[in-house]
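In: using only what follows, build the 3D model:
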Amino acid sequence: MNKNKAILFLGVILLVTVASTAAVRFALSNDRLPEEPAAETVAAPEAEPEPVLDVADYDARMRRLAHLEPLDPDADPADAEEDPDAPKPLWPVDAAYPNPGAILPFHRIVAYYGNFYSTGMGVLGQYAPDRVLAMLAEEVRKWEEADPETPVMPAIDYIAVVAQAGPGRDGRYRARMPDTEIDKALALAERAGGIVILEVQPGLADLMGELRALGKYLSLPQVHLAIDPEFNMKNRGLPGRVVGTVDAADINAAAGYLAELVRENGLPPKVLIVHRYTRAMVTNARSIKPLPEVQIVMDMDGWGPPSQKFATYNAFIAPEPVQFTGFKLFYRNDTWGVGRLLTPAEILELVPRPSFIQYQ
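Out: Numbering: from 1, shown residues only. You can find the predicted model right below:
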């Protein structure tokens, strides 16, 4: 084989080799290779919708507390005939709407009051826990039967700061209850399926200081607050000898503190209850400002026969509207002499209807 033929022969071999290699590559590229399993797609959890206040239901319930018919949503305001000389109703109050999750007016609170150390301060110290829960459940049943449109929220109303006849170690004429006792109130409320209200009787102590001392409890979603002006002395004298007082500025400061806790801890609105049975116990009541984070209840705290209790409510609670009202019932004091315990039906005739009922 001459040189030229040899070169030509090698070229053919190389050409065939390259073509065969390309054909193999092309075949491999068109074969269906095993597919790797697709990664499992995990759907992202749907975000829960933000709670929204049912404004229409809120407004209707507020009007019902005032014994007013609900407004017709389809009515034309231009067709409404108003008497320009007619006095504007005091109730319902034109106050800020609460944040979603508010208890009132969607529920009525029915509370059992007292201190576990004392048999003379209310139901909580008079009976064993099982008896307290059974009695409270019966009162809840009565109220839901009397007003089926308003569910009842049971409450354990515990006196966490108790005014004292003696000065105590710090001269403040009040005793702070230990955490172990407050924890009992929380446990009892959980068994009742309800909330806790912590009562504060400051004596000669600073009101805001006493509230801040309860901060870890007031930061819990189920814990609310009551202030007893009778025992907020403000240098007026000693507890039990004269009646104390609070001003609107004190109540607004307490509400502001609760609002801070609500915002910081992402809580539903708090309920702030203020007891009252004389005019001087709460000064400048018309300057009290409910907040979206704090609902305010002015509670009629007097005892006596029905006529006296109604007179106190109509003198010191109904004429000075704040937001909601309460009514206190005494198992013992209300039944002395000619007295008797008022029924839910009788109390519901009041204008406005109370949203908070306390039994002592």
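
In: strands paired with the lengthiest strand in the chain, and their directions?
Out: Of all segments of type strand in the chain, defined using DSSP state E, the longest is strand 152-163. Using DSSP bridges, the strands paired with strand 152-163 are strand 108-114 (parallel), strand 174-176 (antiparallel), strand 195-200 (parallel).

In: next, the buried residues of whatever helix or strand comes next after the last one.
Out: Read that as strand 195-200. Going down the chain from strand 195-200, the next helix or strand is helix 207-213, by DSSP states H and E. Under the neighbour-count criterion of 16 or more other CB atoms under 10 Å, helix 207-213 has 207, 210-211 buried. C-beta coordinates here come from the backbone N, C-alpha and C atoms, glycine included.

In: I'd like to know which of these is nearest to residue 127.
Out: The closest of the buried residues of helix 207-213 to residue 127 turns out to be residue 210 (CB to CB; 27.4 Å).

In: doesn't residue 175 make contact with the closest one?
Out: No: contact criterion CB atoms under 8 Å: residue 210 and residue 175 do not qualify, at 11.0 Å.

In: before we move on, the earlier item: possible to save the buried residues of helix 207-213 as TSV with pLDDT and distance to residue 257?
Out: Output for those, formatted as TSV (pLDDT from 0 to 100; distance: CB to CB, whole Å):
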residue	pLDDT	distance to residue 257
207	98	10
210	98	11
211	98	6
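
In: quick one: which of these is nearest to residue 282?
Out: residue 207 (13.1 Å).

In: was I right to think that closest one contacts residue 229?
Out: No: if you go by CB under 8 Å, residue 207 and residue 229 don't touch, sitting 9.5 Å apart.

In: returning to that earlier point: overlap of the contact sets of residue 210 and residue 175?
Out: Common neighbours of residue 210 and residue 175, counting by CB atoms under 8 Å, 6 or more residues apart in numbering, are residue 161.

In: distance between the ends of stretch 101-112?
Out: 23 Å (CA to CA, to the nearest Å).

In: make 689 the first number, not 1, from now on.
Out: Sure, I'll start counting at 689 from here, so that last one is stretch 789-800.

In: for it, buried residues please.
Out: 790-800.

In: stretch 742-750 too?
Out: Buried positions in stretch 742-750, judged by neighbour count with 16+ other CB under 10 Å: 746-750.

In: closest to residue 1004 among the buried residues of helix 895-901?
Out: Nearest member of the buried residues of helix 895-901 to residue 1004, counting by CB to CB, is residue 895, at 20.3 Å.

In: if I pick that closest one, what's in contact with it?
Out: Contacts of residue 895 by CB under 8 Å, 6+ apart are 888, 915, 920, 934, 938, 941-942.

In: may I see the ChimeraX selection of the buried members of those residues?
Out: Applying 16+ other CB under 10 Å to the contacts of residue 895 leaves a buried subset, and the ChimeraX line that selects it is:
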select :888,915,920,934,938,942
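
In: quick one on the thing from earlier: quick one: closest of the strands paired with strand 840-851 to residue 929.
Out: strand 862-864 (14.5 Å).

In: sounds good, over and out.
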